[in-house]
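[1] Dropping the sequence and predicted coords here.
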Amino acid sequence: MEKNISYHVFIQSGSVYEPERLSGISHFLEHIISESDLYRRKILPFLDKYEVYEDLGTNEFYTSLSFSLLTKKQFVLLRNKINIFFEDFEISKEVIEREKNSIKEEIAYLELFPDFLVGREFRKLMFTDTPFEKPIIGSMKVVSSLFLEDVMNWHRMHYIKGRMLEIVYNENNDNLEILSLPEADSLKKIPIVKFTNKDKESILPLNLSSSVIRVGWGLSNLSLKERIILDIIAGILKGASSSFISTEFQKPGLVYKGTANVDHFRGGSFLLVDLISTRPEEVVDRLRKYIVNLSRGVVNEGVFNDAKMRERNLYKFSNLEKPLIIGEEYISTGDLILPEERLKIVEEVVVGDVIEIAWKIINSGSCCVIAK
């Protein structure tokens, strides 16, 4: 039997929905799920028996459970088990206390890493006094103050059918099926992103031999086509050996590591570039100048075609990223755009579109955090 089915559950449980008193509870509950006795008794033995791959995660907008390497029959059985697990979920005070210590150890561990500190500072800079400023993982103080009742109440409010998106994907025939959607009222509760600071810079003095850099641009109210063009621009920056980061930074030895990504939220998207370099000011200046040049029409057509091809292939061919892309964007924006429609839009993108969006990037202003 072919194990070509993946099953994905996206739950509207993330940091943007959390009050300050419960900041980090979505991430906490995600950890609790796999630690619960019920999960260990009902779900894990099934996953182990059939060698199913499992991945759980939490971000600003959702908690996700993804399972792959399933047969069709195994998927039906697993979905039923997951639904029963959510309905019958229970946890003990002992597990809550144990997980508090585990999360606090995780926070202490992450705070040793400059990229975590840069990301936290960037969030404060980019999203001051908005729900997006809160750290996904929470804080020592909040985690310490969580009670069993807090966790159970959060589970009862969020782990319900009206706040879930379920997708099943058959990699063999590239068939993607939406099994359930959040209710309309739940979608209305998705927060609208607000970029509060532009053209701001923060320096973290950490006494590092190589600097950790994050530069980001927030763009509000983009159309679907404009969001896809922004994804292609990220590909121009980070893509293959001909990309900007590779040719302008890595090959000359200016950057040891670099990547570019786009996050799409309701009401806005932002382009992020993360770099590690011993010459941070020069690198940031050259990056900004490159975006300016894109806005002026200085676009390498070969690099553009490579980035467009990679974006096209995400929707044109069978791959396990497809259900994740569809699910993540829907639960974060409220827009359900299936692969066929996305592919049609990608095919229509031309160099002139990149120039237009690059101009919007420049006008949006940037935030920059450098840990030295």
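    That came in fine, so what should we check first?

[2] Check what contacts the worst-scoring helix or strand of the chain on mean pLDDT and list those residues.
    One helix or strand of the chain scores below all others by mean pLDDT, DSSP states H and E: helix 244, with a mean of 85. Defining contact as C-beta atoms under 8 Å, 6 or more residues apart in numbering, one finds that helix 244 is touched by 236-238, 290, 303. C-beta here means a position set from N, CA and C on the backbone, and glycine is covered the same way.

[3] which pair in those residues spans the largest distance?
    Greatest spatial distance among the contacts of helix 244 (C-beta to C-beta): Lys238 and Tyr290, at 12.2 Å.

[4] hang on, the earlier thing: wait, which of the contacts of helix 244 is closest to Ile32?
    Distances from Ile32 to the contacts of helix 244, taken by C-beta to C-beta, are shortest for Lys238, at 34.9 Å.

[5] quick one: contacts for the closest residue to the closest one other than its chain neighbours?
    Leaving aside its sequence neighbours, Lys238 sits nearest to Ala260 (C-beta to C-beta, 6 or more residues apart in numbering; 3.9 Å). Taking C-beta under 8 Å, 6+ apart, we find Ala260 in contact with 234-235, 237-238, 245, 271-274.

[6] Just the CA atoms of the helix or strand hosting Ala260, as CSV, please.
    Element membership for Ala260 (DSSP states H and E) is strand 257-265. Only the C-alpha atoms of strand 257-265 are listed here, as CSV (Å, rounded to 0.1, in the frame of the first residue of the first chain):
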residue,chain,number,x,y,z
LYS,A,257,24.5,32.7,5.9
GLY,A,258,21.5,34.5,4.4
THR,A,259,17.9,33.9,3.6
ALA,A,260,14.8,35.9,2.6
ASN,A,261,11.2,35.0,3.5
VAL,A,262,7.7,36.5,3.3
ASP,A,263,4.9,36.3,5.9
HIS,A,264,1.4,37.1,4.8
PHE,A,265,-1.1,38.3,7.4
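
[7] buried stuff in the helix or strand just after that strand?
    Moving toward the C-terminus from strand 257-265, the next helix or strand (DSSP H and E) is strand 268-277. For strand 268-277, the neighbour count (16 or more other C-beta atoms under 10 Å) marks 268-277 as buried.

[8] Can you report how many residues lie near Gln12?
    26 (other C-beta atoms under 10 Å).

[9] Then Met1?
    Counted with other C-beta under 10 Å, residues neighbouring Met1 total 8.

[10] circling back to that earlier point, closest one of the contacts of Ala260 to Phe113?
    Asp274 (12.6 Å).

[11] what sits against that closest one?
    Per C-beta under 8 Å, 6+ apart, neighbours of Asp274: 115, 212-214, 257-261.

[12] mind running it again at 6 Å?
    Contacts here follow C-beta atoms under 6 Å, 6 or more residues apart in numbering; on that basis Asp274 touches 214, 259.

[13] Would you quantify the distance from it to Val283?
    Separation of Asp274 from Val283 (C-beta to C-beta, to the nearest Å): 11 Å.

[14] just the angle between whatever helix or strand Ile326 lives in and strand 268-277, please?
    Ile326 is part of helix 321-333 when elements are defined by DSSP H and E. In terms of direction (axes from the mean of the first three to the mean of the last three C-alpha atoms, to 10 degrees), helix 321-333 departs from strand 268-277 by 120 degrees.

[15] Which of the buried residues of strand 268-277 sits closest to Val76?
    Ser269 (36.4 Å).

[16] So that closest one sits against Leu222, correct?
    Yes. Taking C-beta atoms under 6 Å as the definition, Ser269 is a contact partner of Leu222 at 5.5 Å.

[17] which residue ranges form the strands in this protein?
    Secondary structure of the chain (DSSP state E): strands located at 5-11, 53-58, 63-70, 164-170, 175-180, 200-204, 211-220, 257-265, 268-277, 366-371.

[18] can you tell which of those is closest to Trp359?
    Smallest distance to Trp359 across those (C-beta to C-beta): 10.8 Å, for strand 211-220.

[19] buried sites along the closest one?
    211-219.

[20] what's the angle from it to strand 200-204?
    Using the same axes, to 10 degrees: strand 211-220 against strand 200-204 is 160 degrees.

[21] Which elements pack onto strand 211-220?
    Other helices and strands packing on strand 211-220, by 3 or more C-beta pairs under 6 Å, 6 or more residues apart in numbering; DSSP states H and E, are helix 114-126, strand 268-277, helix 280-295, helix 351-364, strand 366-371.

[22] Deepest in the core, which of the ones you listed is it.
    Comparing the helices and strands packed on strand 211-220 by mean neighbour count (mean count of other C-beta atoms under 10 Å), strand 366-371 comes out on top with a mean of 24.

[23] quick one: it to chain centroid distance?
    Averaged C-alpha coordinates place strand 366-371 at 19 Å from its chain's average position (C-alpha atoms, centre = their mean, to the nearest Å).

[24] got the contact list for it?
    Residues contacting strand 366-371 (C-beta under 6 Å, 6+ apart): 114, 118, 121-122, 125-126, 200-204, 206, 211-217, 280, 284.

[25] I'd like the average pLDDT over that strand.
    Mean pLDDT, computed over strand 366-371, is 92.

[26] picking that back up, which pair of the contacts of Ala260 spans the longest distance?
    Gly235 and Asp274 (15.2 Å).

[27] need the contact list for Ser23.
    Ser23 sits next to 134, 138, 142 when contact means C-beta under 6 Å, 6+ apart.

[28] what's the nearest residue to Asp129 if we skip its chain neighbours?
    Nearest non-adjacent residue to Asp129, counting by C-beta to C-beta, 6+ apart: Thr196, 6.7 Å away.
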